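1. Coordinates only, no sequence provided:
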């Protein structure tokens, strides 16, 4: 599929997604329908093409005049290394489960990213196939940490997280705890720092364990925290 936006922009090509073809009936109609629906929802042309390709790859893998479910369509169009809207968290998770992926979830403010965070993400990713990180919004961080935090805004914090190899998706949430987000994602493994082990149950723990999921507590790197880094900076530059 090719998108020709106009004279001021170059042609963009979207190759068909690899799929085992069972029946091509309705593939073209599906593409047209998805593009029309997406444009009506004010979705950018480039994403319309990606969603249409995804929908076509789904229907040709089924027998007869088939349809694509919302999870297959919307969830499948959410690519790795992107910020996923909280409203699409369940769709993303449904799509990942349909692909047989084991989902690992962790959360935090991650105000100043440091080596301790990176170590925790790497070990968390080893517990499954996909690592989803819930990120407290700026408003949420202020309520938890005080008016002077966060030091780094949510968009920049999300971009830093997505730059890490271990992190696949970031979901920004507004609540003070990730309970609602955990219920939407339904992770196979919920990961928290070892310092939370004495505060059980942590947000989402009882829900995750209710369907057979696991909660893992990670040993933290000693002496590394955002608060300690901020204090060190303040001390170093004090008059």
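-> Perfect, I can see it now. Computed from a predicted structure; not experimentally measured.
2. Now do the contacts for the most centrally placed residue in the chain.
-> Centroid-nearest residue in the chain, with C-alpha atoms, centre = their mean: residue 169, separated by 2.7 Å. Counting by C-beta atoms under 8 Å, 6 or more residues apart in numbering, residue 169 makes contact with 78, 80, 81, 82, 83, 84, 92, 130, 131, 132, 133. For the C-beta atoms, the positions are set from N, CA and C on the backbone; glycine is no exception.
3. In the protein, mark out all the helices, start to finish.
-> Using DSSP state H, the helices of the chain run over residues 27-40, 45-59, 70, 76-77, 89-98, 115-125, 138-145, 154-162, 179-185, 205-210, 226-236.
4. Same list, these, but as CSV with distance to residue 6 please.
-> Output for those, formatted as CSV (distance: least, C-beta to C-beta, whole Å):
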stretch, distance to residue 6
helix 27-40, 16
helix 45-59, 10
helix 70, 31
helix 76-77, 24
helix 89-98, 32
helix 115-125, 41
helix 138-145, 37
helix 154-162, 29
helix 179-185, 39
helix 205-210, 49
helix 226-236, 46
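5. Relative to residue 15, which of those is closest?
-> With C-beta to C-beta as the measure, helix 45-59 is the member of those nearest residue 15 (7.9 Å).
6. Give the other helices and strands that the closest one contacts.
-> strand 2-3, helix 27-40, helix 76-77 (3 or more C-beta pairs under 8 Å, 6 or more residues apart in numbering; DSSP states H and E).
7. right, so these: which one is the most enclosed?
-> Highest mean neighbour count among these (mean count of other C-beta atoms under 10 Å): helix 76-77, with a mean of 24.
8. Map the structural domains onto the sequence of the protein.
-> According to automatic domain parsing, the chain comprises the domains 2-68, 83-236.
9. Would you convert those into a markdown table that also reports mean pLDDT?
-> Supplementary listing: the domains of the chain in a markdown table, determined by pLDDT from 0 to 100:
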| stretch | mean pLDDT |
| --- | --- |
| domain 2-68 | 86 |
| domain 83-236 | 92 |
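10. so of the ones you listed, which one's packed in deepest?
-> Of all the domains of the chain, domain 83-236 carries the top mean neighbour count, a mean of 17, counting by mean count of other C-beta under 10 Å.
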